[in-house]
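>>> Build me a model:
(2 chains)
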Amino acid sequence: MTTAIAELKYQIYNRRLGLWLFMLSDSMVFLALLAARYYMQGTHRPPEVNQPLGLVLTSILLASSFFANRADASIAHGDRAAFLRHIGITIVLGVAFLILVVAVEWPEALHFAPPSTGYGTALFSLTGLHATHVLSGVIVLLFALLKGKRGGYTAEDHFGAEGSIIYWHFVDLVWVFIYPTLYLVG
Amino acid sequence: MSVIKGLIFGLVGFAIGEGLAFLVGQDPFSDTAITLGYIFFLIGWLLGAGVWDHWARGWFGLKDKPTPTLASNGWMRYLMFSTDHKVIGVQYLVTFVALFLLAGLLAMVIRIQLLNPNGPLDPQTYNTVMSFHGIVMIAVAVATMIGGLGNYFVPLLIGAEDVAFPRINALSYWFVPPVAILLVIGSLLPGGFQSGWRVYAPWAERVGPSMLLFLMAFLTFGVSSILGGLNFLVTIIRLRAPGMTWGRLPIFVWGIFSAALLSLIFTQFVATALLMEILDRVVGMAFFAPDQGGGAVLYQHIFWVYSHPAVYVMILPGFGLMLEIITHFARKPLFGYKWAVGALLGIVGLSDIVWVHHMFTSGLPDFINAAFMTATELISIPTGLIFLCALGTIWQARMRLTTPMLFALGFVFNFAIGGLTGIFNADVPTDLHLHNTYWVVGHFHYTIMGGEIFALLAGMYYWFPKITGRMYNEALGKLHFWITFITFNLIFAPMMLTGLFGMNRHVAEYPPELGGINQFISLFSFVLGAGFLVFVYNMVTALVRGPKAVANPWQLRTLEWHTSSPPPEHNFHHLPQVLAHPYDYGVEGVPAHAVVAAGAAAAPASE
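Below is the predicted model of the structure:
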């Protein structure tokens, strides 16, 4: 029995390391795009940028990270009901973020900074790639939610949930760099 | 069978993508439609090839089907979604040796064109041939060593059962066939590949759909390379056998480790650069359009941030393999093992601050060029250390001049020339003269073909008995070496000379007074190409009726020789216990590198 637990811990450690290496690698894409924004446009920012929207988007994502963390802590203590509740809130916030980006941020930006301009290129590539990551994060959280509902996780063995939550924090962290780059500098 | 099922699923996916594009009113040959079609093709292909059967079913609470094994599918498992690292290694080796021979044939076409100052091909066809040769050889240089030999031998050398993530490993291989399909289709489309393998903007954004296929193929290959790098890092960090400390790691594994680190971090930059070009084409963004607010040399910056480290992704495992083979056949301890490891990691550290040396002629300020010139020249320090380690190991050794040893020694000779001629490309004043001439082509082939490909050939002869269980013909192997080594030097040394005389690369024609020297080069190119027939003949006949190889035909110390040839399903019958350094040949009182026996590893290793 003890060897089985040792083996499981060993496997989880390997997966966790793989996930962190993946995020290290993935962050290079955003590094290149962020650098490209300053390279192309310096700190130029069009005056039409919707500041309240940026603040709301950032608040939503940061709040979702809090609930994601609560979900992680709940399942680590074996509290399945709290896990499902918190991960559900995280997903709702993630979807709200996506809707705001696609339905508000992009149509507005199309007017003052279409993709054929320098700032528009930076805005649409950064938010587009980030939204793709948010979407993939929502999908893996959904899988974790469904597996949790089926009772697929225990306090010892829940890497599927833990991994998707770590990934969610990563996606939020990326936004912490994108927000000032697009909304605040200049 | 994975291939057929993958193709069917892929074509269904392609139809879905094209259909979606049609619904939003796009022409089926527009960039948008092709991109959507390819994305869905790729998803369909991967699902059909085995991701659905062996992986994705689990996400939906279904039971995954077992992956193919020797017992369940016999040799057919080589055509399937196998998670065995040895099967994947052989899949990589066979695929990329075939691509290597194909791209080699295209090199022959290039040399036929350059027999005369005005060859038979029109410039556009010539550029397509040249770009195809370039990109496929780049892929071969990256993937045959890491994906093929690395996959097969890293787990064996560290005493592991398999890699850390076997399914991701299989996935990284199954990304490769779409790359080959895209490249072949793209090269036949009108327009062809006109931009060379570097796909510089804005040219690559203005040629028809053929260039789009090229961009997507390159991007897909990048994803495969990233997944491979990730897998090797976790495998080497976490799956070493008891007693296999970092200080006892075979030097080839250190080479793969360094290269994996580079490809994990830097491949993302080329992926981003290609993605930016695709976005420019498909969405109409302005990354590389200075008149709309983009950057004129932005593409070059991002591209070379990867593509300089990419040459170290190729050469670092080559360094490792060369040192590995030289040590074994010199039958002496590796001279300066720790310095060699430090040198490999030092190159990893320096490789990301040298990229501007590819851009000395793009008009950057002098202080930037000077800084990157200095950083580039620093790389000669760790590279010099590797050479000292090789020479110190050969020093006063009674070498066994087998075929792999000859190729490894050829590496040392060729790479010395490649390294010394590189200094003139690293120096701004000389590079301004040499840039874009055949000097660069000669220098590059001295390092990558004379270096990495020689190491690769050395490795394929060296491990042939382990992979196949049969012995190749030593006389034919040596014949292949001497043909390759002599003609290689007779081709690429004069080629550098043509560059000094001002012959431009990437151009289908040249000044008539260089006709004689080019005919000389072409003649020996054809001999070099014919030499590979000896290689193929030797490999095929040995595979069919070569004498059976024993477990350890050369009496070597490292772990892969402690198991049968070919190794069993999970590599070792018992968990290996590593006792000593792998290269302590002839050192008094040192035990064997490892023991593989029941109970040997019963004592838990310190984690």
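>>> by contact count, what packs against the helix or strand harbouring residue B:4?
Assessed by DSSP states H and E, residue B:4 sits inside helix B:2-23. Using 3 or more Cβ pairs under 8 Å, 6 or more residues apart in numbering or on different chains; DSSP states H and E, the elements in contact with helix B:2-23 are helix B:31-46, helix B:176-188. C-betas here are computed from N, CA, C, even on glycine.
>>> can you do 6 Å?
Counting contacts by 3 or more Cβ pairs under 6 Å, 6 or more residues apart in numbering or on different chains; DSSP states H and E, helix B:2-23 packs against helix B:31-46.
>>> Pull the distance from the helix or strand just after the helix it packs on to the chain's centre.
Sequence-wise, the next helix or strand downstream of helix B:31-46 (DSSP H and E) is helix B:52-54. Using Cα atoms, centre = their mean, to the nearest Å, the mean C-alpha position of helix B:52-54 is found 28 Å from that of the whole chain.
>>> Return the residues of chain A in contact with chain B.
Taking Cβ under 6 Å from any Cβ of the partner chain, the part of chain A that reaches chain B is made up of A:14, A:17-18, A:21, A:25, A:28-29, A:32, A:39-40, A:115-118, A:121, A:143.
>>> Give me the buried stretch members for the helix holding residue B:4, please.
Neighbour-count burial for helix B:2-23 flags B:2, B:5-7, B:9-14, B:16-18, B:20-21 (criterion: 16 or more other Cβ atoms under 10 Å in any protein chain shown).
>>> Next: stretch B:117-135.
In stretch B:117-135, counting by 16+ other Cβ under 10 Å, buried: B:119, B:121, B:125-135.
>>> just the strands in chain A please.
Using DSSP state E, chain A contains no strands.
>>> so how many other residues sit close to the closest residue to chain B within it?
Chain B sits closest to residue A:118 of chain A, with a gap of 2.2 Å, by Cβ to the nearest Cβ. Residue A:118 has 24 neighbouring residues, counting by other Cβ atoms under 10 Å in any protein chain shown.
>>> isn't it right up against residue A:39?
No: applying Cβ atoms under 6 Å as the test, residue A:118 and residue A:39 come out as separate, 10.0 Å apart.
>>> got a pLDDT number for the residue of chain A closest to chain B?
We have a pLDDT of 94 for residue A:118.
>>> and residue B:569, what pLDDT?
On pLDDT, residue B:569 comes in at 88.
>>> Surely it is within a helix?
No: using DSSP: H, G, I helix; E, B strand; the rest coil, the assignment for residue B:569 is coil, not a helix.
>>> what's the spacing between it and chain A?
As judged by Cβ to the nearest Cβ, to the nearest Å, residue B:569 and chain A stand 19 Å apart.
>>> Contacts only, for the residue of the stretch 201-350 of chain B found nearest chain A.
Chain A sits closest to residue B:293 of the stretch 201-350 of chain B, with a gap of 2.2 Å, by Cβ to the nearest Cβ. Contact analysis of residue B:293 by Cβ atoms under 6 Å, 6 or more residues apart in numbering or on different chains lists A:117-118, B:286.
>>> same question, residue B:571
Neighbours of residue B:571 in contact, by Cβ under 6 Å, 6+ apart: B:156, B:161.
>>> what is the mean pLDDT for the helix or strand harbouring residue B:112?
According to DSSP H and E, residue B:112 maps onto helix B:85-113. Per-residue pLDDT over helix B:85-113 has a mean of 96.
>>> Report the buried residues of it.
B:85-93, B:95-97, B:99-100, B:103-104, B:106-113.
>>> so it versus helix B:176-188, what angle?
Taking axes from the mean of the first three to the mean of the last three Cα atoms, to 10 degrees, helix B:85-113 and helix B:176-188 form an angle of 20 degrees between their directions.
>>> Closest to the centroid, which residue in chain B?
By Cα atoms, centre = their mean, chain B has its centre lying nearest to residue B:142, at 1.4 Å.
>>> Taking helix B:85-113 as reference, get the angle to the strand or helix carrying that residue.
Using DSSP H and E, residue B:142 maps to helix B:123-143. With the same axes, to 10 degrees as the basis, helix B:123-143 and helix B:85-113 are set at 150 degrees to each other.
>>> Can you name the element that comes right after helix B:123-143?
Next element after helix B:123-143 (DSSP H and E): helix B:151-158.
>>> between that next one and helix B:85-113, how many degrees?
130 degrees.
>>> what separates helix B:151-158 from the chain centre, distance-wise?
17 Å.
>>> C-alpha coordinates for it, CSV please?
This file holds the C-alpha atoms of helix B:151-158, laid out as CSV (Å, rounded to 0.1, in the frame of the first residue of the first chain):
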residue,chain,number,x,y,z
ASN,B,151,14.1,8.7,-28.0
TYR,B,152,15.6,5.2,-28.4
PHE,B,153,18.7,5.7,-26.2
VAL,B,154,18.0,8.3,-23.5
PRO,B,155,15.8,5.9,-21.5
LEU,B,156,18.2,3.1,-22.0
LEU,B,157,21.2,5.1,-21.0
ILE,B,158,19.7,6.3,-17.8
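>>> Output the contacting helices and strands for it.
helix B:85-113, helix B:251-282.
>>> from the chain's centre, how far out does the first one sit?
Spelled out, that is helix B:85-113. Worked out by Cα atoms, centre = their mean, helix B:85-113 lies 11 Å from the chain centre.
>>> again with the longest one
Averaged C-alpha coordinates place helix B:251-282 at 12 Å from its chain's average position (Cα atoms, centre = their mean).
>>> what packs against the helix or strand following that helix?
Remark: after helix B:251-282, the chain's next helix or strand is helix B:298-330, criterion DSSP H and E. Secondary-structure packing of helix B:298-330 (3+ Cβ pairs under 6 Å, 6+ apart): helix B:123-143, helix B:251-282, helix B:337-350, helix B:380-394, helix B:403-426, helix B:454-468.
>>> Is there any residue in whatever helix or strand comes next after the shortest one that contacts chain A?
Next helix or strand after helix B:337-350 toward the C-terminus (DSSP H and E): helix B:366-378. No: with Cβ under 6 Å from any Cβ as the criterion, chain A is not reached by helix B:366-378; the gap is at least 13.3 Å.
>>> Not counting helix B:366-378 itself, show me its contacts.
Under Cβ under 6 Å, 6+ apart, the answer for helix B:366-378 is B:350, B:353-354, B:356-357, B:360, B:426, B:428.
>>> Tell me how many other residues crowd residue B:536.
Neighbours of residue B:536 using other Cβ under 10 Å come to 12.
>>> cool, residue B:30 as well?
16.
>>> What residues does the spatially closest residue to it that is not a sequence neighbour make contact with?
Closest residue to residue B:30 apart from its sequence neighbours, by Cβ to Cβ, 6 or more residues apart in numbering or on different chains: residue B:21 at 7.2 Å. Neighbour list for residue B:21: B:32-33, B:36 [criterion: Cβ under 6 Å, 6+ apart].
>>> Residue B:426 now?
By Cβ under 6 Å, 6+ apart, the contact list for residue B:426 reads B:357, B:376-377.
>>> out of those, which is most surrounded?
residue B:376 (24 neighbours).
>>> pLDDT at that residue, what is it?
95.
>>> just residue B:7 next, same as before
The model's pLDDT for residue B:7 equals 93.
>>> Now for it: which residues touch it?
For residue B:7, no contacting residues are found, by Cβ under 6 Å, 6+ apart.
>>> Against residue B:41, how distant is it?
Taking Cβ to Cβ, to the nearest Å as the measure, residue B:7 falls 10 Å from residue B:41.
>>> Looking at the helices and strands packed on helix B:151-158, which is nearest to residue A:49?
Closest to residue A:49 of the helices and strands packed on helix B:151-158 is helix B:251-282 (Cβ to Cβ; 21.1 Å).
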